[in-house]
Structure formats: C-alpha cells, structure tokens
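Asks: take a look and give me a structure for this.
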Amino acid sequence: MKAVQFSQYGPPSVVHVADVAEPHAGPGEVRISVRASGFSAGETAIRSGARNGTRLPFRTGYDAAGVVDEVGDGVTGIEPGAHVFGMTAADRRGANAEYAVLVHWAAKPAAWSWAEAGGAAGAIETATRVLDQLPGETLLVHGAAGGVGTVAVQLAVARGATVIGTASPRNHDFLRSLGAEPTIYGPGLVDRVGSVDAVFDCAGGALPDLIEIAGDPARVVTITDATAPQHGVHFSHSAAIPGADPLAVHGLAAAIKLAEEGRLKIPVAATFPLSQAAAAHELSEGRHARGKIVYVN
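Replies: A predicted model of the protein is given here:
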C-alpha cells in the first residue's frame, strides 16, 4: 500500500510516499480503508531533526477516518463496512496511508465530512486530555485558530467556560463564531488578557506571559513548548491507554454527541493527496493554517 514517510531528517522535501506492507488488525483493533487522515504538526519537529533519535524510516499520522475492513479478536459491536474515526497506537503511527489500524475509535458523525472526521480524533484527544487538567471558569487558549486550538475552544465552551483565544487578526471573526473572545499575539498580551483561571498553550513561545496571566505555572499546560520544564509548566503528551474501551476514552464518544448537535465542528485548513505530503508540511510550518490539515485518499 501507499504510505507517507521520511527516511532522513531534513526539510519538507524529505517526506515522500513509499510502498509498504499493509498492516492488519490485531486483538482489540480494527483496520480501516482510509478515506482521510490528519496531519500531525508535531511530526514536523521529528522530521526536521529537532527531536532526533527517532527510528527511521518514520511513517506519519496517528488519526484517520474510513471504512472498517478488518476486525481483530475480542472486538465486539462493530462490523466490516462501519464508518469510523479514531487513532492508531501512540507507538505505531502510520495513519497517513491507504490502510490504518486503529486502537481507539468511534462511529463517524453524519454531520462531518470524511475530511473533518479524518482530522478529528487527534485534536479531540489532545484537547480533552489537557482540558481535564485545567479546571476553572475562564480559559486562555494560546494559538486558538490551529487544529487543536479550534477544538479546544469548542470543547471548553461546551463545558461552560469563558474562553479567550489568541490568533492573528484575520482569524478573530472565526474565533468569535466558535464562541471565543479573540485577542492578538505578541507584546502586551498580559495587559490585554488580564487574569484567567487556566491557560492551554497550543502555540509556544510565550510561557512567561502565560504564567503571569494564569498566576501559577501549575495552571498552564503546553503541547508545543519544549522549554516547559524550565518554567515549571507541564508539557502534555498523548498516550494510548492499554485495554481501555475505545468508545469511552479520549473524548471521542462525547464528541459524537456535540457534533450531531452542531456544537463541534472540525475546521479544515486544507486537504492534500498523500502524494503532496511535502506541501502539507510546508503549509504547517508557515503557521498560518486555520484548523486542521488533512490528507484525503
């Protein structure tokens, strides 16, 4: 089958489509014929060599949507032909491909297109994981117009929080449509925002200001800033949950309900065929994508 990978560190041009062996569903897993899969922005750091030590070749992608065509031993309640979205195991990526094995999944909401569903699971998992660590009535989402930020805003609003989101001015009306009060990045952020109960950092590069706004580094969680330990801030990583009910973890089941109620949209910044993976990396590194970048098959 065709799959996106890179065999050396470097610029976006090192990313390519390769012919690889098809994966198969093991116990507790399902395999899908992929219709769409999400681009993972964090993989640009791996590809560039900023997070070296990764075994090469590295196959990309950990969330996808498609049609179930294999059901592993021990899996009940789902049959081949079902339309699902979900995630691969954390240590077995490779969702940007023609076939993918999912360890966590849920039924694809009818309200979502394949592209929306393909880019949904990773952002939902990340946003849910971080929001669960950040109780409070007011939340600042730093980098609110990106793939995770847009989902975090909507999930926080659904939980009843008042949300402020940082973004470039061109995205301010967009953030208002999601339920957030927008503000710009950069100098003066502390004065513009004031104080909040918690901060979800999706953008990086501003931890001292974000800590001042939250009043305590323990009330800031980042998913992007590797300097977090120097500031006493938690850097949150995804992790599979062995043996967990795939319908109960990572917020996927809750997302279905919100999606069908029209309260959770997955903004898609752009779609690319697998053959244009390098262009997807270039768009992501430009840091101007509104929403999720998605591969479509």
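Asks: which residues does V15 bridge with?
Replies: Counting by DSSP bridges, V15 is bridged to F6.
Asks: what do you get for the one 4 residues further on?
Replies: Under DSSP bridges, the beta-bridge partners of D19 are K2.
Asks: the chain should start at 383 in everything you say after this.
Replies: Will do, 383 is the new start, and the previous item becomes D401.
Asks: show the pLDDT at it.
Replies: Per-residue pLDDT puts D401 at 98.
Asks: what segments of the stretch 483-632 of the chain are helices?
Replies: Taking DSSP state H, counting those that start in this stretch as the test, the helices found in the stretch 483-632 of the chain are 496-500, 503-513, 529-540, 554-560, 571-575, 589-596, 610-613.
Asks: just the residues contacting the shortest one, thanks.
Replies: Residues external to helix 610-613 that are found in contact with it (CB atoms under 8 Å, 6 or more residues apart in numbering): L589, P590, I593, P599, V602, T604, H616, F617. C-beta: built from backbone N, CA, C; applies to glycine.
Asks: buried ones among those?
Replies: Listed as buried from these are L589, I593, P599, V602, T604, H616; burial here means 16 or more other CB atoms under 10 Å.
Asks: A400: which of those is nearest?
Replies: T604 (32.6 Å; CB to CB).
Asks: for A479, give its distance to D473.
Replies: Distance of A479 to D473, computed by CB to CB, to the nearest Å: 16 Å.
Asks: could you list the low-confidence segments of the stretch 483-632 of the chain?
Replies: For the stretch 483-632 of the chain, applying pLDDT under 70 flags the ranges 620-632.
Asks: again, only using 90
Replies: Within the stretch 483-632 of the chain, the segments meeting pLDDT under 90 span 517, 608, 619-632.
Asks: got the contacts of helix 610-613 as a markdown table, with distance to L634 columns?
Replies: Listed next are the contacts of helix 610-613 as a markdown table, based on distance: CB to CB, whole Å:
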| residue | distance to L634 |
| --- | --- |
| L589 | 30 |
| P590 | 35 |
| I593 | 31 |
| P599 | 30 |
| V602 | 26 |
| T604 | 23 |
| H616 | 23 |
| F617 | 23 |
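Asks: point to the residue nearest the middle of the chain.
Replies: Centroid-nearest residue in the chain, with CA atoms, centre = their mean: A505, separated by 2.8 Å.
Asks: to Q658, which of the helices of the stretch 483-632 of the chain lies closest?
Replies: Nearest of the helices of the stretch 483-632 of the chain to Q658, taken as CB to CB: helix 496-500 at 14.4 Å.
Asks: which element is I428 on?
Replies: Here I428 sits within helix 425-430, counting by DSSP states H and E.
Asks: go through that helix and flag the buried ones.
Replies: With burial defined by 16+ other CB under 10 Å, the residues of helix 425-430 counted as buried are E425, T426, I428, R429, S430.
Asks: okay, now T510: neighbour count?
Replies: The local packing of T510 (other CB atoms under 10 Å) involves 18 other residues.
Asks: tell me how far the closest residue to it other than its chain neighbours lies from F617.
Replies: Counting by CB to CB, 6 or more residues apart in numbering, T510 lies nearest to G633, which is 3.3 Å off, once chain neighbours are set aside. Distance, G633 to F617, using CB to CB: 20 Å.
Asks: could you do L438 as well?
Replies: Distance, L438 to F617, using CB to CB: 24 Å.
Asks: ok, now P409?
Replies: From P409 over to F617 the distance is 32 Å, taken as CB to CB.
Asks: phi first, then psi, for the closest residue to S419 other than its chain neighbours.
Replies: Closest residue to S419 apart from its sequence neighbours, by CB to CB, 6+ apart: A446 at 3.9 Å. Backbone torsions of A446, given as degrees, to the nearest 10, read phi -160, psi 170.
Asks: I figured A446 hits V416, correct?
Replies: Yes: contact criterion CB atoms under 8 Å: A446 and V416 qualify, at 5.0 Å.
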